[in-house]
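# Okay, predicted coordinates and the sequence, questions at the end:
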Amino acid sequence: MNRLNALPTLQIDPSRKISFIYRNKQYYGVEGDTVATALYSNGIRIFARSLKYHRPRGIYSLDGECSNTCMEVDGIPNVRCENTLLKDGMIVKEQNVVGSLENDRMSFIDKIDWMMPAGFYYSTMHKPAKIWPIAMKQIRKVAGLGVLSPEFKMTGKYDEIFPTADVCVIGGGPAGMSAALEASDKGLRVILLESRSVLGGFFEYRSHEYKEGQSYHDRAKELSAQVEGAEKIRVFTNASMIGTYNNNLVTGFQIGGKNDSFDERYMEIRAISVIVATGCIERPLLFENNERPGIMQMGCALRMAHTYGLVPGDTAVFSIGHDLGIETAICLHDLGVKIACVADIRKSGQASKLVAQLTERNIPFLTGWVATKAHGKKHIKKVTLATLEGRQPTNYDCDLLVASAGLTPLTSGITVAKGTVKYDGHTGCFLPDKMPAKMYAAGRIMGFDDALSIESSGRLAGCRAALDCEACSTTELSDAKNQLDGLPDPAAGCKLVIAPVEGRKSFICFDEDTTIKNINQAIEKGFDVPELIKRFTSAGTGPGQGGIPGHNLPLYVAKYQGMSDVSIRSTNVRPPVIPTLIATYAGSNHSMFKRTPMDEMQRNDGGIFRNIGVWQRARYFSSDLSCKNEIENVRSNVGILDGSTLGKFRIFGPDAVKALERVFVSDISKIKEGRIKYSAMCNDDGCVIDDGVLIKQGENDYYFTTSTGRAGSTIEWIRYHTRYDDWDFHMVNLTDSMGVINLSGPNARKVLEKIVDIDMSNTAFGFSEYKEFQLDSTIPVRCMRLGFVGELSYELHVPSSYMKTVWLMLGEAGKEYNIQNFGVEAQNVLRMEKCHIILGQESEQRTNLLDVGLGFLWNRNKTEAKTVGAVALRQAENDQTRLKLVAFKMENKGRAPRDGALIVDKKVRGYICTARDSFTLKEGVGMALVEGDLSKNGTRLEIYEDECGDDRIYGEVVPMPLYDPKGIRMKM
Amino acid sequence: MFSKQKPLWGKKKKLKSSYDVVLIGGGLHNLATAYYLAKEHGITDIAIIEKNYIGYGGAGRNTAIVRANQRTQHNVPLYKEALDLWPVLTKELDFNLMFNNCGNLNLLHSEAAMKAARMTIATAQFHGVESHLIDAKEAKKLVPSLNISDDITFPIHGAMFHPPGGIVRHDAVVWGLAKGAAQYGAEIHQQTEALAIGTKDGKVTSVTTSEGVINTKQVLISAGAYSAGLISGMLGIKLPISVLTIQAMVTQPLKPLLNHVVSSGAYHCYANQTLKGEIATGAHMDPWPNYTTLSTAHFIKHQAEALSEFLPCLKGLRFMRIWGGLADMTPDMAPILDGNDQFEGFFMNCGWGYFGFKSCSVAGKYMAEFMATNKCPDILKPFALKRYEEHKLMGETAALVNYSPDN
């Protein structure tokens, strides 16, 4: 197809060919083409088959408001070809057809639409019940549009940016550009988003006169040159707004061009003020077969010619309700299209200049007429026009029908931010009503039709936004207001909702194949509000995000029910207002785990890492996941573990003790310097939420540890529980600045002694004691003698930057003993044998401090502060029905059950927390939470494992701890 | 299917001045209660009072997933019965609820998660509910698009596979139950707001609505996330419920790709394909209590980040629509079902969090029995409000939860 190539408005370069593949054949488009316009230039007229009835669909709006041109492009389904820029080598395929787009074997369904009234699936296919699974399979097959392969791999670069601005302007048309210029003139930083590839909006593609000697297109160029020359305006073209949120957060995405480093990028813009200048789309005209290929909206037909140089038809009929239709007819006539008739729905109100131009060209012009039916199977062949009352039906042959009820504002940018719109009886549009704070509407979206009013409203919005940014005086604002007041108000609009037809094939929603008849059926069934009708008929829930039915649906429902103008409500629009790729939303998708200072060395030592909360930690050091060697090495020699993820805090100040007493169950005031106190925190239900050790470093100065998982919320927890007390204390989270090395095993002392200067003997530094010293007179170390794994054990708290050094020193010192790493799993088994609990493993929501055997920590006589959880603990003290933590051994030296197995009789009576075949004890042992009456020593536990069928295994409750009951080894 | 359309839940009626039972809230739980009150107990003089339209709240805002793989023995039998009821209700109501029992696959990303799942699976199996622990390779066989490699943030260790679960068309359940209840004579009053409950001598006497006062001896509040506020405002009963927004979204429709519901706790993400072909996905609640249904920018981004890791082919799909609903969270993730305690004739059914959809039928069935007999059925006894006073939580989640603003 030859392109028109002498038009000033063209956005294509016909001299630069771009090749692509469609249906395995090579085709050519030109630079600037969208996929759809390139196909159109190759004679393709059917771009899709509709969801339900497989009706042929063609180019209708060019703005992607429906799935009419959805195809598969480069393996990606549901691509809106009409606004996807053509790229070299693209592979384009049709979707949702059996056969080809031209001859779709599923198209017979269009004839049996009578079998499928609104919501028919709710009243069919379930009797008898056994047909449903078969029917469902078929439904799944026919539903959905495109195909995505499970092996599909997305290529390309997806980026994300988070810019800020004083003012964010959405829409780069005349109003948006005027607003941006106004704000930038006042010294503000402006971001301007335009979804098309060039600025100019509604002016950009029109050759008609803006003012004497200047076309709309020229004016658009003039404005965009000013915008692009303005230093403080950052322009993003090919950038669509997809959401607006509280506090003026605007999200969007930009499609990258040839010279960009990204294919698409997610944008999140934070601005003080937002201006929505998204203009209008067209309200589809409702008549029989209103979506046949060859039927286009006004702007679509005009842009086909002016932007892409494509003649949209040979013989055209117009059924329109806005002057843009007349203008389009004139333009197409002048480009050689035969205009058979222009039927204007409006009986009056047309611009006389335009009407005169029609007359000059001998174009038949009817007023008060409308299209009632399109004819032609795969493409329009003729159209029936009639009066608004349906009289004098007359057929006109044509291959192009330009049909549009008029313009309708694109208000999604306002409504998704919870602004409201209101039906306006004068324009027949939903106009912005209540605006969110610091958000303003500008231009055609407010109903303005006059070019100067549109620009002026943009400047006014720019002033309002500038006022929010304290960059505009009230005089300037009122000047801008006065200027707009002196310009034409919005013009009366076309209010026709539907042509005089029955509506069996009048499609209110193209994507879901919802007809006017379906809407009638829904209303008769009792679905009387648009939001319910939407759910029942699916109208507006398709890939086009409701762009086609958005305004017609509420208008039609109101008309059907005879409602007054004021009670007409549109349905909700939801983000993303333009369908957005998951790849784009994901952006660069980086994961952010914290790594301990020992991370690299531990990985080099063969550590197998796991995610633990916000951290990654070495869980195993060999492929033997039972960790036999690691465990036996700690029990008989010496092992070293990186415990840096522990929560570490300093709390100090005159009221530090009070704060600690509030959240810890123990009496903190009794802690002596040089001693370690193990304690726990409970929530209001008495459940243990954390445990750790406390050290008194000085008067009113404590250092304490928490579990890894709680470190992030500890400070908030203490603050929350002291929020009414006005106590004077301070907290420092040292979790990241301190590392922890755990040195455990009977040879631990011998290793440590080699690198420290102080007396490490059991008498000088006993169990449960704490010392501070320096290594090499340089590295400060806080050292605690603990026994979590049940052996002689030292926990060294070292500044993170020295961790590697100290680790290497210990490694060197431990060489002669063959010191070995051990990981989290080995520690887990070692401490389990000792019956030391890990919160979350041996405790849960139903267990409190007493249940897990830590009641001895609770000081019942605390005076000054109430302890969080104490009330609940008192209540639970004598309750025998609660779960209790017990230790058990397997009967007859049987294997240990799997973690999570149940303790049962006729009911579930508890479950296994941790159990292992102990290398140390040479039998299966573990800990379990069981109901109180099963907790006595000697009780036989019936264990039910997943997939065990009727088989059970048995254990017996035994005293805690399982290993070294007298605690000799950790005190040696 | 070819006959003239009739209103599904009867013609609009004028509110009477008295009913045997008043149900506040036109959502799934009350529609089910009305249905069972009428069908099982012959109580048909019922008014359902709905401020907006039926199914306005959680009923229409969930992602329609049903399952019976809860954690404790108090919950599993309840959800099992609910699961078994879908085909029964489809038949009884003569309304296709479109139960797709495609099975739920819950991905596990750590040894700890495998342990927790094993307990849940054992509990399910002990109660006769099918559920299995499978490894990553088996999971991949079920869901070929799954990424089971190690190079993602949360590598997949295995999964809990629960074949009897699936998805049900949520709107169909609303309309089907409304139809069923109305056929027995229950009246549905939409655009009618309940304003107050009148009591005398500790007994319920009336309900004041925007359309007039109703005399009644029994009233049930089951208004989803609005329940706690209504109960506190009308009767001064404070419930340990925090209301949080929960968001969900769908992609553009697609030919069959996912044959199971796939969920992941670590990624805070689940996905399933609706019969229409959309991938519906959602996850955890917003971390702050509020009564709005606003969606947030970061939530949908998070979902995209999660999906693009464990179901990487979905990168080529487009999100189409996100919406928010409300979840009424109790401290133990288990609901509050109670009655005739604080006031004679006052019943409540709330605190379902995000489990309100899957439980609606069975909760309605037993609340109906409770109201008709004035005796609490055994299966509901563990859900009484007093468990919180006694600090005896139900353990539906293993981890401790805190939904208050401080955390």
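All right, it came through fine.
# contacts, neighbours, all on C-alpha from now
Fine.
# For residue 196, give me its contacts.
If you meant another chain, say so; for now it's chain A. The contact partners of A:Arg196, taken as Cα atoms under 8 Å, 6 or more residues apart in numbering or on different chains, are A:Thr237, A:Asn238, A:Ala239.
# I was thinking of chain B, sorry if that wasn't clear
So B:Ala196 contacts B:Val207, B:Thr208, B:Thr209, B:Met234 (Cα under 8 Å, 6+ apart).
# cutoff 7 Å now
B:Val207, B:Thr208, B:Met234 (Cα atoms under 7 Å, 6 or more residues apart in numbering or on different chains).
# swap in A:Tyr703?
A:Phe649, A:Arg650, A:Ile651, A:Leu694, A:Ile695, A:Lys696, A:Gln697.
# Just to be sure, it is in a strand?
Yes: applying DSSP: H, G, I helix; E, B strand; the rest coil, one finds A:Tyr703 inside a strand.
# gap between it and A:Gly787?
19 Å (Cα to Cα, to the nearest Å).
# picking up where we left off before, return the subset of the contacts of A:Arg196 lying in strands.
A:Ala239 (DSSP state E).
# who wins for neighbours among the contacts of A:Arg196?
The most crowded member of the contacts of A:Arg196, judged by other Cα atoms under 10 Å in any protein chain shown, is A:Ala239 (24 neighbours).
# Turn the contacts of A:Tyr703 into JSON lines, columns for distance to A:Gly99.
Below are the contacts of A:Tyr703 laid out as JSON lines (distance: Cα to Cα, whole Å):
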{"residue": "A:Phe649", "distance to A:Gly99": "69"}
{"residue": "A:Arg650", "distance to A:Gly99": "73"}
{"residue": "A:Ile651", "distance to A:Gly99": "74"}
{"residue": "A:Leu694", "distance to A:Gly99": "75"}
{"residue": "A:Ile695", "distance to A:Gly99": "78"}
{"residue": "A:Lys696", "distance to A:Gly99": "80"}
{"residue": "A:Gln697", "distance to A:Gly99": "81"}
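# now, among the residues you listed, which is nearest to chain B?
The nearest member of the contacts of A:Tyr703 to chain B, counting by Cα to the nearest Cα, is A:Phe649 at 18.3 Å.
# tally of neighbours for that closest one?
Considering only other Cα under 10 Å, A:Phe649 is surrounded by 21 other residues.
# what do you get for A:Ser626?
A:Ser626: 17 surrounding residues under other Cα under 10 Å.
# now B:His298
That count, for B:His298 with other Cα under 10 Å as the rule, works out to 12.
# Could you list the residues in contact with stretch A:83-90?
A:18-21, A:32-35, A:62-64, A:73-74.
# Now the buried members of those.
Among the contacts of stretch A:83-90, those scoring as buried are A:18-21, A:32-35, A:62-64, A:73-74 (criterion: 16 or more other Cα atoms under 10 Å in any protein chain shown).
# quick one: average pLDDT of the host helix or strand of B:Val88?
Element membership for B:Val88 (DSSP states H and E) is helix B:76-93. Averaged across helix B:76-93, pLDDT comes to 96.
# what's the pLDDT at residue 136?
Using chain A. 93.
# The chain in question should be chain B.
pLDDT, B:Ala136: 97.
# if I read this right, it contacts B:Leu146, doesn't it?
No: using Cα atoms under 7 Å, B:Ala136 is not in contact with B:Leu146; the gap is 9.1 Å.
# Which of the three states applies to A:Ile339?
strand.
# Count the neighbours of it for me.
Applying other Cα under 10 Å, we find 26 other residues in the vicinity of A:Ile339.
# What residues does the nearest residue to it once chain neighbours are set aside make contact with?
Computed as Cα to Cα, 6 or more residues apart in numbering or on different chains, the closest residue to A:Ile339 that is not its neighbour in sequence is A:Ala316, at 4.8 Å. Neighbouring residues of A:Ala316 by Cα under 7 Å, 6+ apart: A:Val337, A:Lys338, A:Ile339, A:Ala340, A:Cys398, A:Asp399, A:Leu400, A:Leu401.
# which ones are touching the closest residue to the second one other than its chain neighbours?
Once flanking residues are discounted, A:Lys338 sits nearest to A:Thr315: 4.6 Å by Cα to Cα, 6+ apart. A:Thr315 makes contact with A:Val337, A:Lys338, A:Ile339, A:Ala340, A:Cys398, A:Asp399, A:Leu400, according to Cα under 7 Å, 6+ apart.
# Can you give me the pLDDT of A:Thr315?
For A:Thr315, the pLDDT comes out at 98.
# name the element the residue nearest the centre of chain A belongs to?
Nearest to the mean C-alpha position of chain A, by Cα atoms, centre = their mean, lies A:Tyr585 at 6.8 Å. Per DSSP H and E, A:Tyr585 falls inside helix A:582-586.
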